[in-house]
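> Next one to model:
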Amino acid sequence: MILRLLDVSLSAAGHTVVTAADGREALELIEQDTPDIVVLDGMMPELGGLEALQSLKNAKSTADLPVILMTARAEEDDIAKGLELGATLYLVKPFPPKELVAAVERLTA
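Okay, the predicted model is just below:
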């Protein structure tokens, strides 16, 4: 449900959106065609958002790619870990879709 809402919101703002069902598929899609920015859900199946983030930051081709990590985990340690692993921005769910759109626009400007 949130994936569809964010897809619609970002598309309405003029962004091209590619979605993945899980973390492994996300990494495969990014490898095939590197986007301008990546939005990861911390609780993706197959490969979680933190693991996908770590893979992206460890690969030379995607190390500098801006990554927004969105998750329901709001504890200080969780936020610190996401940022330490290389997230450009850490968004705690729930958040208004306009907040994500604004963040994407700021990071891709």
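
> residues near the residue nearest to Leu47 when sequence neighbours are not counted, how many?
In space, and not counting its chain neighbours, Leu47 is closest to Gly23: 2.9 Å by Cβ to Cβ, 6 or more residues apart in numbering. Any C-beta I mention is one placed from the backbone N, CA and C, and that applies to glycine too. Neighbours of Gly23 under the rule other Cβ atoms under 10 Å: 22.

> quick one: Gly23 and Gly42 touch, right?
No. The criterion here is Cβ atoms under 8 Å, and Gly23 misses it with Gly42 at 10.0 Å.

> Find residues that contact each of the two.
Between them, Gly23 and Gly42 share these contacting residues under Cβ atoms under 8 Å, 6 or more residues apart in numbering: Gly48, Gly49.

> Strands along this protein, start to end?
For the chain, the strands defined by DSSP state E occupy 38-41, 67-71, 89-92.

> export those to CSV and tack on mean neighbour count and distance to Gln32?
Listed next are the strands of the chain as CSV, based on neighbours: other Cβ atoms under 10 Å; distance: least, Cβ to Cβ, whole Å:
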stretch, mean neighbour count, distance to Gln32
strand 38-41, 23, 13
strand 67-71, 23, 17
strand 89-92, 18, 24
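
> Reformat these as TSV; add mean pLDDT and distance to Lys57.
Below are the strands of the chain laid out as TSV (pLDDT from 0 to 100; distance: least, Cβ to Cβ, whole Å):
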stretch	mean pLDDT	distance to Lys57
strand 38-41	97	11
strand 67-71	97	8
strand 89-92	98	14
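
> Closest to the centroid, which residue in this structure?
Here the mean C-alpha position of the chain is nearest to the C-alpha of Val39 (Cα atoms, centre = their mean), at a distance of 1.7 Å.
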